[in-house]
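A.B. asks: below are the sequence and a predicted model for it; my questions follow.
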Amino acid sequence: RVLELFVPESGFVHGRTFPTGADLAVLVALRAGFPFAQALEAAHFDVATRYPKVDALAARTAAAPTVAAYLSKSKTFYARHSSGSVL
């Protein structure tokens, strides 16, 4: 809940026109395949509904040109647990 209070409605955490480490930390916590995204999925935790500003920040960060370029080439960011099952 506290994080939702500090996340901006638009732009990035430190008021920059590009994401900084704080924005990237949110992206990793919500979208990185294992363990984070899989854990949220296993818990049936809907971040978009419960923390819409935090979820929107993760989406904006992922859409930033340099981050999007990295994510499009990364073989590990969205990787799931090797068993293929959710935790």
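C.D. replies: Great, that's in hand. Numbering: from 1, shown residues only.
A.B. asks: low-confidence stretches in the chain?
C.D. replies: Where the chain drops to pLDDT under 70, the residues are 83-87.
A.B. asks: can you map out the helices along it?
C.D. replies: Ranges of helices in the chain, per DSSP state H, are 2-6, 21-31, 38-42, 47-50, 52-63, 65-73.
A.B. asks: and the ones you listed as TSV, adding distance to His81 and mean neighbour count?
C.D. replies: (C-beta placed from N, C-alpha, C; glycine too.) TSV is the format used below for the helices of the chain (distance: least, CB to CB, whole Å; neighbours: other CB atoms under 10 Å):
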stretch	distance to His81	mean neighbour count
helix 2-6	25	10
helix 21-31	15	17
helix 38-42	6	14
helix 47-50	19	12
helix 52-63	20	18
helix 65-73	19	11
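A.B. asks: for the closest residue to Ala48 other than its chain neighbours, what are its contacts?
C.D. replies: Spatially, and ignoring its direct neighbours in sequence, Ala48 is nearest to Asp55 (4.3 Å; CB to CB, 6 or more residues apart in numbering). Counting by CB atoms under 8 Å, 6 or more residues apart in numbering, Asp55 makes contact with Leu30, Val47, Ala48.
A.B. asks: any idea how far the most centrally placed residue in the chain lies from Val54?
C.D. replies: Per CA atoms, centre = their mean, the C-alpha nearest to the average position across the chain is that of Leu27, at 2.4 Å. Separation of Leu27 from Val54 (CB to CB, to the nearest Å) stands at 10 Å.
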